[in-house]
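**Student:** Sequence and predicted model, in that order:
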Amino acid sequence: MNKPKLSSSQLADVLLSLIGDIEPTGDSFEDHDRLYNLLKFQDVLDILLDEMYYICPYSENTEYSMKEAGNTAVNWFEEKQKWINGFLGEDDDR
């Protein structure tokens, strides 16, 4: 089994440093660049989420390792859905 050379936190730091700052500062000139970075960040996030989404159907597989991967992805999405619904002030019962 290949172990990652970087921790999840280190990988995130690398990715964020490649994208650049995304938090607005109130300076219109600087915020123009940060908005561009935010859009890049969203694009990368979409790609990564799509990759994990494609693992979800494996939760129905009979092979243990595939089912475990699928369940892990499904569980992550369910937890993030709760977080997003809480952030948006929406119920889970919709």
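**Tutor:** It's in.
**Student:** how far away is Ala73 from Glu51?
**Tutor:** Between Ala73 and Glu51 the computed distance is 9 Å (Cβ to Cβ, to the nearest Å). Backbone N, C-alpha and C define where each C-beta goes, glycine included.
**Student:** Give me the more crowded residue out of those two.
**Tutor:** Ala73 (19 against 10; other Cβ atoms under 10 Å).
**Student:** For that one, give its distance to Trp83.
**Tutor:** Ala73 is 16 Å from Trp83, by Cβ to Cβ.
**Student:** which SSE is Gly86 in?
**Tutor:** Here Gly86, judged by DSSP states H and E, is contained in helix 64-88.
**Student:** pLDDT averaged over that helix - what is it?
**Tutor:** Averaged over helix 64-88, pLDDT sits at 95.
**Student:** Please point out which parts of it sit buried.
**Tutor:** Within helix 64-88, the residues that count as buried by 16 or more other Cβ atoms under 10 Å are Ala69, Gly70, Asn71, Ala73, Val74.
**Student:** can you check stretch 14-23 too?
**Tutor:** By neighbour count on 16+ other Cβ under 10 Å, the buried set for stretch 14-23 is Ile19, Ile22.
**Student:** what's that stretch in contact with?
**Tutor:** For stretch 14-23, the surrounding residues in contact (Cβ atoms under 8 Å, 6 or more residues apart in numbering) are Leu6, Asp33, Arg34, Asn37, Leu38, Lys40, Phe41, Val44.
**Student:** how about a cut-off of 6 Å?
**Tutor:** Outside of stretch 14-23, the residues within contact range by Cβ atoms under 6 Å, 6 or more residues apart in numbering are Arg34, Asn37, Leu38, Lys40, Phe41.
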